[in-house]
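1. Pasted the sequence and its predicted model underneath.
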Amino acid sequence: MDTSSFSDPLDDDSISVDYSSTGTNTESDRHAKSDERDETKEVQRLASSETAHIRFWRLVVVALLLISGTVLSTFTYIFLKGQEKDDYGDAYYLFVNSVRDITQFRVVNMFDAIQGLGETLTAHAVNRNLTFPFVTLPMFEVAGQHARTQSRNELLSFAPFVGGDEKEAWERYALENQGWIEQGREIRLESDQNAQVTSFVEGSIPTNIVEFTASGDVGLAPPGRDSYSPVWQMSPVPFSTVSLNFNLQTFAPAKLVMDAVEILKAFVDFFVIVSHLPTRTRAIDSVLSVVANNSQNSRLVLTEKDHTAFHEQFVTSKGDGSLQVQPHASMFTPVYEELGNRDSKIVGVISSVIAFDAFMADLLPDKVRGIYSVMKNTCGQQFSYELTGNRAIYLGNGDQHETAFNKYEVVIPFDAYRDPDLAAITEKHCRYSLHMYPSQQFAQGYESNLPIVFTSLVAATFFLMALTFLVYDRFVYRRNIKVVDAAARSNAIVSSLFPSNVRERLFEDAKARSDVNQAAHSRLKTFLHGGDIPETAISDANEINGNFFKSKPIAELFPQTTIMFGDISGFTAWSSSREPTQVFQLLETLYHSFDEIAKKRRVFKVETVGDCYVAVAGLPDPRKDHAVVMARFAKDCMHRMHSMTRKLEVSLGPDTTDLSLRIGLHSGPVTAGVLRGERSRFQLFGDTMNTAARMESNGIRGRIQISQETADLIVAAGKAHWFVAREDTIVAKGKGELKTFWLALGDGGKTKSTTDTTHSSDDVSSPNHNSSMILDGLMVTSAESDQQVNTLMSNKTSRLIDWNVDVLSRLIKQIIAQRKASSSPTKDSTKKHFCPGDNRGAATTVLDEVTEILALPEFDAEAARRQQDPQNIELNANITTQLQQYVSNVSAMYQNNPFHNFEHASHVTMSVVKLLSRIVAPVDVVVSDGKNQKRSIASKLHDHTYGITSDPLTQFACVFSALIHDVDHSGVPNVQLVKEHSKIAKFYQGRSVAEQNSVDLAWELLLDESFDDLRAAIFATDGEKARFRQLVVNSVMATDIMDPDFKAIRNARWEKAFTKCPNLEEDAKQATNRKATIVIEHMIQASDVAHTMQHWHIYRKWNERLFMEMYQAFKSGRAEKSPETFWYKGELGFFDFYIIPLAMKLKDCGVFGVSSDEYLNYATRNRKEWEDRGQEVVREMMEKIGFGSMDSETMK
């Protein structure tokens, strides 16, 4: 074999030979192309077998989609149509059942009313020892009116049965006893406004019984008959007496029905005799006649106008408009000789005219239309109505319902027979029933386009799915062709260069490297989208690599991102006056709302650090519009912050709306990865993070500051109008001076209500003081700001009112819960408690009511065990309304002072609520009684806190006192009021003037009659009222800290109560109440100056307001010195001699837990801060006023 062709390619000769033989090169190229074609054919052959399967399943999938779409669309249409049919069927039967119930109720009332009138006649005859037919019921018109109203009948009349031998006697009796007619007319004229005297015709009744003759005329009834039934008494009383003494037996319909009455009576008697059973005393019923023309009867008692009005209140007619053609029937009810004995002789009948129109109204709800009611009777008559809401339309004679709805027929009996079977077999009377049917109009009310819409949607969905699948399949097919060609070329090249075993190793190594790289990237995306990396993934990596830290880290560089830092400005100061639960409630609510926006905007939340929210756009999925998206996200967060703080202020208290975001944005590359180890988390690194943080820290509250890089990207996106340049440059650590921009907030923020957003000192303001300011995150001019001041204050006051109402409402619920659980009576009727505030003499003042020891109630263990959760108690709407009105009135009673205003009262209230919530049991309380754990904890807490926590009335009084303690404060101290010889200073004898005035005004308002329900909720007994008054007086009077006598008394009481050598002569109850009194007074005192024991920013805010108030007093001539002359040293003395000792006493009380340490720490720090910066602060306050004249030495 010639081996020259397999020689080493590095051999020069071979090379020269090879080069000299061009045919060899051509052959080699030919072989290479042949191999590539072979590889291509092989790959195509393998792909073709799969293609056949793909084509088959493609057809199957498309066919299944089309068939499924057709089947589901058809099923959807049939199902929804059937559902509509079921809906209107169910609704129809529901309405018909309602019609049945109403009709049965009305018919029973009608039968009972007429039968009751008959029994009244019988009772009158029995009581007066009268004999029928010679019976006349006095005041028949009154009884008749009641019966007609209850039965809905047009008129009724009583016709006694007169025997042939009684005819002449009856005629004389009727002439002698016709006085009931005049009596009835007088009653009708008084009760019926439409009745007029001129309607009645004077004249006597016919002297003889009259009747219809054989020719149809009216004539005298001949003597010698067996009986007569002359019409005697009628209601309404007739206009003319000609209708009286008319023999009903000659009126054909009446004769038949009265025969039916006798037949029914005879049948019952026969049944009793044959069966030897007890008499069925309730077997005889009223019976109804055929529908006949009622024109004659109606004219006797009603004018045409009155008759028309009677029918038009029920029915609208579609006929000829004549009321006489509308169906009327007569009902005849037997009157018995003996009361309660239906076996006795029937001595007469009561005939009443039924207008069926009255029974067709008010059967359906107002908007229900299209239900037919066909009135049928066994005498072959039919009349049709259409029920339309609370009225009906009379359609005329005959059955006029739509026959297509025959299967929905519901029959409702129009009777109240006591024995329906007996009535059914009795002839000569008519039994009525209502036949109900729906109509097409009713069914259309439940038809909609939903079947067509949903069917179309289902069909369109499957069609789009099939179309999408085909389009997708086309793209996959084109991609597969390219992949096959590329695979064939690659395989051919690899096959021509490497042996098969080496080639397989190369493929395996490449696959392994691909899997490793893909795994790292996948783990990163999994962590970003789903959270933590599964522990199994890390453990698998450890097993493969042998060492966790030798595996490839999960990290990646994202070159195009925008990062946002958002900090809650003013949060630190705000949280210093809140409970931990309130702090977390704020953060959780805000961050949750930001997270929702982030999901919507596809922004990735990185982390939250305290009150700072960090987010990034552009990872894990890169996007070109990351800067634009983040700008929108930042604006959304800013607007959401404004709206959420207003909603939360009701539950979190004052100043919540003063919180705002300070946001910074910067764009650039960032390294993102997972730091593996314990509590591994996703983090960002790089200069972009640092710069974004600087954008935030050098920003301004309520504004979004963006870097030059972010601004360039926004400009590139065509959004240059989104921002404006910041007038000054910022100096960022490690960056030097930077040019930045303000992102506009858009219209969203302008629709929100605004609030005072004075910059706190933690904000970095622009050094050039221009005329613009920030209101609620929006840059406005001074003129715009002035226009919004009233709105700002009004909105803020409204929110403060709502918050105070919410706090007081929760305490009232606790009072009510304890009152319900208490075993003591609700009303103390055995003991009268004198409340000094009710009847105070002219020579006494509120100050005279102050007591050394407040009496708190003893602990009720059973009540603590039975007491329900106050949150489950619903306050009466009157209580809530009156509480809202009371707090609103109190807010209006506060004067517009910089410091002593309603906002200050709310701030004091918030501090009292916080301190009350911090009154806790000692940490070493151990409850061993698991069975009665709730009672045991309450008992120990009661003992430890001197009874304050177990008495909600005491807690309510403390909060109430904080709310009203500065009502009508004039902005000057008591000593100034005394100097000015003001009326209130004289009235209160120059001591605690403002405090006493506040108590009197607030108490007088509470006692106003418009707050009756509120007072009943607060104190239900005289004892509770007196105790509540005493608590309020002591608490408010304790806020007067300038009276030297009071100060000495309080110090003495403190020593007596908390001395290490207790007074052995004082019983334990009195000692406990003394301590409780001192704790309550110190709590209100600490709350009144709570700003001095809170964050520096809060202290600065209220200190400045008090300074401004005193400066205004000085400028108005109500103070001798300007506060700038003594403010610095005065505050130091205030801290040293009052605030810090007070904070130490809170701690010594031993009931306030960690709050006492918190108050003392803040007081100490604020004192130190004031010592260092106080003089500068005073200068700044004077500069704000416009006078910077005082130097440091003067302030010292």
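-> Done, it's in.
2. P559 belongs to a strand, doesn't it?
-> Yes: P559: assigned to a strand according to DSSP: H, G, I helix; E, B strand; the rest coil.
3. what about it, how many neighbours?
-> Counted with other Cβ atoms under 10 Å, the neighbours of P559 add up to 10. Every C-beta, even on glycine, is put in place using the N, C-alpha and C of the backbone.
4. Same question for V135.
-> Neighbours of V135 (other Cβ under 10 Å): 22.
5. gap between the residue nearest to it when sequence neighbours are not counted and H1091?
-> Using Cβ to Cβ, 6 or more residues apart in numbering and skipping residues adjacent in sequence, the residue nearest V135 is A125, 4.6 Å away. In this structure, A125 and H1091 are 91 Å apart, going by Cβ to Cβ, to the nearest Å.
6. When the two are compared, which one has more neighbours?
-> Between A125 and H1091, counted using other Cβ under 10 Å, H1091 has the larger neighbour count: 26 against 22.
7. Let's see the pLDDT reported for the more buried one.
-> pLDDT recorded at H1091 is 91.
8. OK, contacts around it?
-> Shown in contact with H1091 (Cβ atoms under 8 Å, 6 or more residues apart in numbering): 907, 1098-1099, 1101-1103.
9. swap in D1008?
-> No contacts exist for D1008 under Cβ under 8 Å, 6+ apart.
10. and it, backbone torsions?
-> phi -60, psi 150 (degrees, to the nearest 10).
11. where's it relative to A905, distance?
-> Taken as Cβ to Cβ, the span from D1008 to A905 is 20 Å.
12. cool, and F899?
-> 11 Å.
13. Kindly reformat the contacts of H1091 as TSV containing distance to D567.
-> Output for those, formatted as TSV (distance: Cβ to Cβ, whole Å):
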residue	distance to D567
H907	24
I1098	18
Y1099	21
K1101	19
W1102	24
N1103	25
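14. Reformat the residues you listed as JSON lines; add neighbour count, pLDDT and distance to A459.
-> Formatted as JSON lines, those follow (neighbours: other Cβ atoms under 10 Å; pLDDT from 0 to 100; distance: Cβ to Cβ, whole Å):
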{"residue": "H907", "neighbour count": "25", "pLDDT": "92", "distance to A459": "65"}
{"residue": "I1098", "neighbour count": "24", "pLDDT": "90", "distance to A459": "65"}
{"residue": "Y1099", "neighbour count": "25", "pLDDT": "92", "distance to A459": "70"}
{"residue": "K1101", "neighbour count": "20", "pLDDT": "92", "distance to A459": "66"}
{"residue": "W1102", "neighbour count": "19", "pLDDT": "93", "distance to A459": "69"}
{"residue": "N1103", "neighbour count": "22", "pLDDT": "93", "distance to A459": "73"}
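15. Of those residues, just say which sits nearest to T740.
-> K1101 (28.1 Å; Cβ to Cβ).
16. tell me which element that closest one is part of?
-> helix 1096-1115 (DSSP states H and E).
17. And whichever helix or strand comes after that helix, what does it pack against?
-> Once helix 1096-1115 ends, the next helix or strand along the chain (criterion: DSSP H and E) is helix 1127-1134. Helix 1127-1134 sits against helix 1154-1185, helix 1192-1195, with contacts defined as 3 or more Cβ pairs under 8 Å, 6 or more residues apart in numbering; DSSP states H and E.
18. Summarise which helices and strands the longest one is packed against.
-> This points to helix 1154-1185. helix 902-918, helix 1096-1115, helix 1127-1134, helix 1140-1149, helix 1192-1195.
19. Of those helices, flag the one that's most buried.
-> helix 902-918 (a mean of 23; mean count of other Cβ atoms under 10 Å).
20. What are the structural domain limits within this protein?
-> Domains of the chain are assigned by automatic domain parsing as 107-444, 499-552, 555-776, 818-849+860-1195.
21. For V476, find the nearest of the ones you listed.
-> It is, among the domains of the chain and with distance given as Cβ to Cβ, domain 499-552, at 21.2 Å.
22. quick check: mean pLDDT across the closest one?
-> Mean predicted confidence for domain 499-552 is 52.
23. Same question for stretch 1037-1052.
-> 82.
24. just how off-centre is it within its chain?
-> Mean-position distance between stretch 1037-1052 and its chain equals 47 Å (Cα atoms, centre = their mean, to the nearest Å).
25. Same question for stretch 695-706.
-> The answer for stretch 695-706 is 37 Å, by Cα atoms, centre = their mean.
26. Compute the first-to-last residue distance for that stretch.
-> 7 Å (Cα to Cα, to the nearest Å).
27. List the buried residues in the helix or strand N804 falls within.
-> Taking DSSP H and E as the definition, one finds N804 inside helix 782-821. Neighbour counts over helix 782-821 (16 or more other Cβ atoms under 10 Å) mark 785, 788, 792-793, 795-797, 799-805, 807-819 as buried.
28. L130: what secondary structure?
-> L130 is classified as coil under three-state DSSP.
29. That one: how many residues sit nearby?
-> 13.
30. How about the one 4 residues further on?
-> F134 has 17 neighbouring residues, counting by other Cβ under 10 Å.
31. Also T468?
-> 11.
32. any idea how far L65 is from it?
-> 10 Å.
33. quick one: average pLDDT of the longest helix along the chain?
-> Determined from DSSP state H, the single longest helix within the chain is helix 22-127. For helix 22-127, mean pLDDT is 77.
34. Next secondary structure after it?
-> helix 140-151.
35. List the strands paired with the following helix or strand past that following helix, with their directions.
-> Remark: after helix 140-151, the chain's next helix or strand is strand 153-160, criterion DSSP H and E. With DSSP bridges as the test, strand 153-160 is paired with strand 233-235 (antiparallel), strand 346-355 (antiparallel).
36. out of the helices and strands packed on helix 1127-1134, deepest packed?
-> helix 1154-1185 (a mean of 17).
37. what angle do it and helix 1096-1115 make?
-> 50 degrees (axes from the mean of the first three to the mean of the last three Cα atoms, to 10 degrees).
38. and helix 1154-1185, how far out from the chain's middle?
-> Taking mean C-alpha positions (Cα atoms, centre = their mean), helix 1154-1185 and its chain are 43 Å apart.
39. quick one: average pLDDT of that helix?
-> For helix 1154-1185, the per-residue pLDDT averages 89.
40. same thing with stretch 913-920?
-> 81.
41. pLDDT averaged over stretch 710-719, what's the number?
-> Per-residue scores along stretch 710-719 average to 92.
42. For that stretch, output the C-alpha coordinates as PDB.
-> The C-alpha trace of stretch 710-719 is given here as PDB (Å, rounded to 0.1, in the frame of the first residue of the first chain):
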ATOM      1  CA  THR A 710     -29.800  58.500  34.300                       C
ATOM      2  CA  ALA A 711     -30.800  61.800  32.800                       C
ATOM      3  CA  ASP A 712     -28.900  61.000  29.600                       C
ATOM      4  CA  LEU A 713     -30.800  57.700  29.200                       C
ATOM      5  CA  ILE A 714     -34.100  59.400  29.800                       C
ATOM      6  CA  VAL A 715     -33.300  62.000  27.200                       C
ATOM      7  CA  ALA A 716     -32.300  59.300  24.800                       C
ATOM      8  CA  ALA A 717     -35.700  57.800  25.300                       C
ATOM      9  CA  GLY A 718     -37.300  61.000  24.300                       C
ATOM     10  CA  LYS A 719     -38.400  62.000  27.800                       C
END
